[in-house]
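Trainee: Compute the structure for the input listed below.
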Amino acid sequence: MDLRLYRLICVFLLLFIAARSYGLPTGAHKTAKSTVFSLFNLKAKSRFWSEDVMHSDFNDLESSNDGKMGVLNYTNSGNIANYLKLLEVDAMYLPVPVNFVFIGFEGKGNHEFKLHPEELERWFMKIDHIFGHTRVPHIGEVLTPFYKISIDKMQRHHLPLVSHINYNVSVHAIQMGEKVTSVFEKAISILARRDDVSGGREDEDTFWQVDMDMMDVLFSSLVEYLQLGNAYNIFILNPKHDGQKAKYGYRYKKKGLSESEINFLKENKDLQTKIRQSETIPESVLALEKIKRPLYEKHPMEKFAWTITEDTDTAEWSNICIDALNDVDQFYRGKETADIIHGKVIQILKGKNEDMKQLFGKELMSGDLSGIHAECLTDTWIGKDRWAFIDLSAGPFSWGPAVGGEGVRTELSLPNVKKTIGAVAEISEDEAEDRLQDAIQEKFAVFGDKEYQAIDILLAEIDIYELFAFKHCKGRKVKLALCQELDERMRDLKNELQSFDGEEYDERHRRKAVEALKRMENWNLFSDTHEEFHNYTVARDTFLAHLGATLWGSMRHIILPSIADGAFHFYDKISFQLFFITQEKVRQNKQLPVDLNALKDGLSSLLLPSQKAMFSYHRLPLSEEPALAMAFSVARRAAAVPLLLVNGTYRKTIRTYLDSSILQHQLQRLNDQGSLKGMHAHSRSTLEVPIFWFLHSEPLVVDKHYQAKALSDMVIVVQSETSSWESHMQCNGNSLLWDLRRPIKAALAAASEHLAGLLPLHLVYSQAHETAIEDWAWSVGCNPLSITSQGWHISQFQSDTVARSYIITTLEESIQLVNSAIHHLVMEHTINKYNHVVGLWRRIATVTGELRYMDAMRLLYVLEDASKGLD
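Mentor: So this is what the prediction gives:
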């Protein structure tokens, strides 16, 4: 007899006996509260919203002394699962608090645009607040000649691509007052420097670079002042344009310089000498006093909430910032270009940012500077903490694949206040009259010489005035005189239409007149009376729709991104096994052309605070390792790769690369022989991460296009001696150059994918397409997952994604085990352990919603053990 069938019969007999004393009466099923499983299923009533649900006790079984009725209920249930009212889990919801902070939308920003609470709610209620956790399956060759993502849909997945776990996003919109807007406008004006320092006349096409490291201080200070750090914060800026600095973008000066500044530094040997001889460490120019005034005690965990801050709420912070910015203005006033560049480079060399410190230090010592490449100017940014921003007045900019590709960031990717709201708001009286005349001529041109009835002429006139008024009269702050004249003309038209009620007109004409009058009854196009929920122009609707889509994208790409396909478990310790494969023997680690301290810091930053990093270094010369040399040789390939550059030039390059699949297979054979295994290979609490770092003299990449690749059981990194390698990416019309001598950024991105499934910021799984899609708009910030910066420091957004990845893997596997147990019901003690597991789900969901990820980590081992007890 099958063991499962035998156990099922045993459970049936035991429960049959127990039912004689503890059965449920038939009537109890009608009045008893529903089982806890109903909270997790994707039904209309199961939206895991309220905290009462998350913290309430549950009792799946109720007892009765009516033994006979219990036996009858058990018999009528048909199966044990029905008798116990247990349902398989379809979905579980984790709360996610999000703040959208609007700056410059109180009527004092760009084009004096003012957002109203009702229109924000009208559009934000349309945003999907339930996000399914998704996984991106293994991607094949991403960069075909047309840069099309290739995914094998027949792959088998350990966990579903569309998870049982869903995110329940609570949106809190916060509108800042005039004082906060003035701080950011002043900061942009003071911290902006010319992007091109070579000279020339300043005009409206001149680009300015705003010092992002100082703006970072402002954003972080505002978040701390209002105590918004317990939620994810997306700032939307709409500052007024400075007439002299109309085009600007953001660049993190501690991470790099503009192309013009780099050229200036290359040509100025005296400046290089001065920098090398400098011993003083410049103090932070922008220093703000740390003060706090919480905006709320707890995030309003609702679908949508709206708060307008008063100037009194932020007056203290604003005053401190204005004083500090005045000091910065005084500090930089009168300084020459050489002095400014000197200060910035010294900040990099003497600062704490290991990524750019090693780059500038080595380049300056050699005097070459060929490996220093410009950082991109952007109008969006992901900060180091739980904040990011969009500046709608900056730019416009573009980046992404140079040719082909999908989802590239273009100059039209972000909503534009000037081209939508501004285009309507700035129309003059003369322009209005011209447009009205053009509309009249266009409308009546279709009449030609044909004879038309008077009613048709009137209706055509009404159509013209209606369209014109909706575009240029409705919702304006300053009324046009022409709109007043049209309002009077509309009254006359009403009277004329009413005159068609006489018997002298045929029925068809009378019907047309009546229909037109009904249309006009609901109009309020010219008056100043406020119509609740309807006072919107086409321009405002277009702008808000675009803004809503952009903010939805921010949630999908930086707050709740997709992760790689796989199961990522939490370990107390991570042991990085670093294998440096060189062509010739290297006697000591310090002789390796790799900054081991920077690499160690970078890998450690991928871990959560409760995890411990361990490192072991192995030097493996190919000249002394025949098996490894064979693996390297077998995996090395050459390919003809067609390139179409930004300037339209076609080029065919022969590229040498390592085939990761072949290399993985060869290295696995060596590992099976035990030559590459570490001492923690079979530890329950320690994860070993083998990183194979190949150092080669000639240009070498992985799978034709990468510097590093995450595989299922290892990470592959390649390093060669080329300082400027033209990639397939572009930024603002210029090709992005990679320094193949320093692949740390790529190595960290691959390691983060191997550890927790982190993916590049542009990739996300689309349920509509059933595959991955690309959107490059949020590929920004000084982190390993973006293309627009050379920095590689992990953001808090990404640290939280790592934590959620561990949590969701354990929850997902637990749900699978519980569903399996409910499906089979072969163990007598399932119910008690089931209640314990569901209780752990609740506790994890609660602390995760409060962003207390370390508390959730402590429960993962307990949940794993409890779930396995159900199998």
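Trainee: Which residue ranges of the stretch 651-800 of the chain form strands?
Mentor: 686-695, 701-702, 708-710, 715-719, 725-731, 734-738, 763-766, 771-774 (DSSP state E, counting those that start in this stretch).
Trainee: nearest to residue 248, of these?
Mentor: Of all those, it is strand 725-731 that lies closest to residue 248, at 15.9 Å by C-beta to C-beta. Yep, even glycine has a C-beta here, placed from its N, CA and C like the rest.
Trainee: List the contacts of residue 184.
Mentor: By C-beta atoms under 8 Å, 6 or more residues apart in numbering, residue 184 lies in contact with 103-104, 218, 237, 239.
Trainee: nearest to residue 501, of the strands of the stretch 651-800 of the chain?
Mentor: Closest of these to residue 501 is strand 763-766, at 57.0 Å (criterion: C-beta to C-beta).
Trainee: How far off centre is that closest one?
Mentor: The chain centroid and the centroid of strand 763-766 are separated by 11 Å under C-alpha atoms, centre = their mean, to the nearest Å.
Trainee: now swap in stretch 386-403 and tell me
Mentor: For stretch 386-403, the distance to the chain centre is 13 Å (C-alpha atoms, centre = their mean).
Trainee: go on, stretch 90-100?
Mentor: Relative to its parent chain, stretch 90-100 has a centroid offset of 15 Å by C-alpha atoms, centre = their mean.
Trainee: any idea of the mean pLDDT in that stretch?
Mentor: Summarised as a single mean, pLDDT over stretch 90-100 is 90.
Trainee: And for stretch 222-235?
Mentor: 93.
Trainee: One more: stretch 180-188?
Mentor: Per-region confidence: stretch 180-188 scores 94 on mean pLDDT.
Trainee: Inside helices: which ones of the contacts of residue 184?
Mentor: Members of the contacts of residue 184 lying in helices (criterion: DSSP state H): residue 218.
Trainee: among the contacts of residue 184, which are in strands?
Mentor: 103, 237 (DSSP state E).
Trainee: out of the contacts of residue 184, who's nearest residue 386?
Mentor: Comparing these against residue 386 with C-beta to C-beta places residue 218 closest, at 15.6 Å.
Trainee: so what's the closest one up against?
Mentor: By C-beta under 8 Å, 6+ apart, the contact set of residue 218 is 183-184, 187, 286, 288, 321.
Trainee: Weed out the non-buried ones from the residues you listed.
Mentor: Buried residues within these, counting neighbours by 16 or more other C-beta atoms under 10 Å: 183-184, 187, 286, 288, 321.
Trainee: if we take these, which one ends up nearest to residue 485?
Mentor: residue 184 (40.9 Å).
Trainee: if I've got this straight, the closest one is in a helix?
Mentor: Yes: per DSSP: H, G, I helix; E, B strand; the rest coil, residue 184 lies within a helix segment.
Trainee: Can you check which strand is longest in the protein?
Mentor: Longest strand of the chain, by residue count under DSSP E: strand 162-175.
Trainee: hang on, the earlier thing: find the pair from the contacts of residue 184 with maximum spatial separation.
Mentor: 104 and 218 (13.9 Å).
Trainee: Output the strands of the stretch 651-800 of the chain in TSV; the columns should cover distance to residue 197, mean pLDDT and mean neighbour count.
Mentor: What follows is the strands of the stretch 651-800 of the chain, written out as TSV (distance: least, C-beta to C-beta, whole Å; pLDDT from 0 to 100; neighbours: other C-beta atoms under 10 Å):
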stretch	distance to residue 197	mean pLDDT	mean neighbour count
strand 686-695	37	94	22
strand 701-702	34	92	24
strand 708-710	34	94	25
strand 715-719	33	95	25
strand 725-731	19	86	19
strand 734-738	17	87	19
strand 763-766	36	89	21
strand 771-774	34	87	18
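Trainee: In JSON lines, list these along with distance to residue 498.
Mentor: As requested, the strands of the stretch 651-800 of the chain are exported to JSON lines (distance: least, C-beta to C-beta, whole Å):
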{"stretch": "strand 686-695", "distance to residue 498": "82"}
{"stretch": "strand 701-702", "distance to residue 498": "78"}
{"stretch": "strand 708-710", "distance to residue 498": "75"}
{"stretch": "strand 715-719", "distance to residue 498": "80"}
{"stretch": "strand 725-731", "distance to residue 498": "63"}
{"stretch": "strand 734-738", "distance to residue 498": "66"}
{"stretch": "strand 763-766", "distance to residue 498": "55"}
{"stretch": "strand 771-774", "distance to residue 498": "56"}
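Trainee: Now do the strands in the stretch 101-250 of the chain.
Mentor: Taking DSSP E, counting those that start in this stretch to define them, one finds strands in the stretch 101-250 of the chain at 130-136, 162-175, 192-194, 207-211, 232-237, 247-251.
Trainee: Serialize those strands to a markdown table and add fields for distance to residue 84 and mean neighbour count.
Mentor: Listed next are the strands of the stretch 101-250 of the chain as a markdown table, based on distance: least, C-beta to C-beta, whole Å; neighbours: other C-beta atoms under 10 Å:
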| stretch | distance to residue 84 | mean neighbour count |
| --- | --- | --- |
| strand 130-136 | 29 | 20 |
| strand 162-175 | 21 | 21 |
| strand 192-194 | 67 | 19 |
| strand 207-211 | 63 | 22 |
| strand 232-237 | 40 | 23 |
| strand 247-251 | 58 | 24 |
